[in-house]
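Q: here are the coordinates; sequence isn't available:
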Ligand code: ADP
């Protein structure tokens with residue numbers, strides 16, 4: 001087989017989930033010899049009209065995932081909450097799965113994820129497991145702490161801060177992790193790419209700044225402003241996390257730097273991630289481009305930044321629900337080096353991720369200035385009709 005034969009072989013690749021991550025993955029797919037398939041329950045989801053083949057179905061159902069995956073060359077995910085038994089069967093039948101189902105099983109349960117860090121000597125906040133509210137009530141000596149539900153939490157919805165014993169009633173009456181409160185200096189995210197042959201490429205880490213009222217990311221700077229020693233720790237820990245998974249794929253590792261300079265893993269996502277959106281314009285190979293290279297067996301891309309960047313999430317404004325209307329879009333599009341991504345969601349609601357904007361500049365002060373300007377200009381509202 002010559003190199004040209006190889007390039008011409010169109011691989012059939014499926015994506016489980018049809019949200020914005022799938023949509024941006026499909027945008028990058030257009031550059032490659034790949035035929036794309038999406039499985040998702042909502043036929044009007046952000047990915048529905050960008051893939052070659054759309055299948056309406058439940059990504060949590062064994063039959064739906066198995067039928068969808070049979071006959072594909074490879075399958076990947078844009079959300080962890082998928083049927084892993086079906087993925088294991090597909091894997092045993094020769095479909096390549098990115099990441100491996102074993103990784104998904106470890107990561108999507110916070111109790112197993114914390115155990116994985118402990119078993120592999122990966123620094124992460126100290127924790128205990130609580131099976132129910134009665135068990136949590138016995139742990140007031142462990143406070144202040146953060147209670148995290150084992151399965152089913154996302155975007156802060158499965159997380160409760162418990163500062164004092166009176167807060168315990170806010171905890172979860174289900175198997176959960178109770179994690180020591182960290183005195184956070186910075187929140188960092190490190191994207192890592194792992195090829196099928198075990199090669200690793202690291203993106204520069206980003207620094208996240210949060211809107212604590214909504215528990216959602218406010219904006220994100222790349223590169224993170226951390227000293228060299230902290231950078232080395234972040235990189236070494238990130239490599240340690242992915243190496244032990246023994247799985248190709250793209251990984252987002254969220255870390256805390258505490259006020260003593262210690263670096264601790266908060267959590268890992270084994271997929272393309274919100275903290276890699278800026279890589280579309282700001283890096284030579286974006287996280288989406290990179291995942292296609294990994295799936296299709298091509299060399300890893302260049303993770304270097306073309307320029308420093310800031311990324312602002314565009315979130316549904318408080319008080320507006322229904323058919324979406326964007327205020328201030330023209331002004332934002334008029335900003336130099338601002339790149340707007342709208343996810344094509346038909347309806348908005350408070351706090352919903354509707355898009356993001358990336359700005360590139362050599363100057364960090366300019367990036368922060370533009371991020372604040374975008375936040376004040378752009379608002380996601382709804383039409384009255
Ligand atoms: P989710 O997966 O829902 O985003 P996280 O585990 O990332 O939940 O927690 C959400 C936020 O809560 C974090 O970004 C951080 O600001 C805060 N947080 C989580 N764990 C701790 C901790 N152990 N100590 C202090 N703050 C924490």
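A: It's in. Because the structure is a prediction, the values reported are computed rather than measured.
Q: counting neighbours, what do you get for residue 177?
A: Using other C-beta atoms under 10 Å, residue 177 is surrounded by 25 other residues. Just so you know, the C-beta spots here come from the backbone N, C-alpha and C atoms, and that holds for glycine as well.
Q: what are the pairing partners of the helix or strand hosting it, and which direction each?
A: Assessed by DSSP states H and E, residue 177 sits inside strand 176-180. Under the criterion DSSP bridges, strand 176-180 sits next to strand 127-130 (antiparallel), strand 145-149 (antiparallel) in its sheet.
Q: residue numbers of this structure in contact with the ligand?
A: 125, 146, 148, 153-156, 158-159, 179, 181-182, 184, 187, 210, 254, 266-267 (C-beta under 6 Å from any ligand atom).
Q: filter these to the buried ones?
A: By neighbour count, with 16 or more other C-beta atoms under 10 Å, those hold 125, 146, 148, 153, 158, 159, 179, 182, 187, 254, 266 as buried.
Q: from residue 113, how far off is the fourth one?
A: As defined by C-beta to C-beta, to the nearest Å, residue 153 lies at a distance of 12 Å from residue 113.
Q: name whatever forms a beta bridge with residue 255.
A: Bridge pairing for residue 255 - DSSP bridges - gives residue 188, residue 265.
Q: thought it was touching residue 262?
A: No: checked against C-beta atoms under 8 Å, the pair residue 255 and residue 262 is beyond contact range at 10.1 Å.
Q: quick one, which of the two is more surrounded?
A: residue 255 (26 against 15).
Q: which stretches of the stretch 101-250 of the chain form helices?
A: 101-107, 110-119, 133-137, 228-245 (DSSP state H, counting those that start in this stretch).
Q: kindly apply the preceding question to the stretch 251-385 of the chain instead.
A: 279-282, 287-296, 329-333, 364-377.
Q: want to throw these into JSON lines with mean neighbour count?
A: Shown next, in JSON lines, are the helices of the stretch 251-385 of the chain (neighbours: other C-beta atoms under 10 Å):
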{"stretch": "helix 279-282", "mean neighbour count": "23"}
{"stretch": "helix 287-296", "mean neighbour count": "24"}
{"stretch": "helix 329-333", "mean neighbour count": "15"}
{"stretch": "helix 364-377", "mean neighbour count": "17"}
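Q: tabulate these (JSON lines), appending mean pLDDT.
A: Listed next are the helices of the stretch 251-385 of the chain as JSON lines, based on pLDDT from 0 to 100:
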{"stretch": "helix 279-282", "mean pLDDT": "98"}
{"stretch": "helix 287-296", "mean pLDDT": "98"}
{"stretch": "helix 329-333", "mean pLDDT": "96"}
{"stretch": "helix 364-377", "mean pLDDT": "92"}
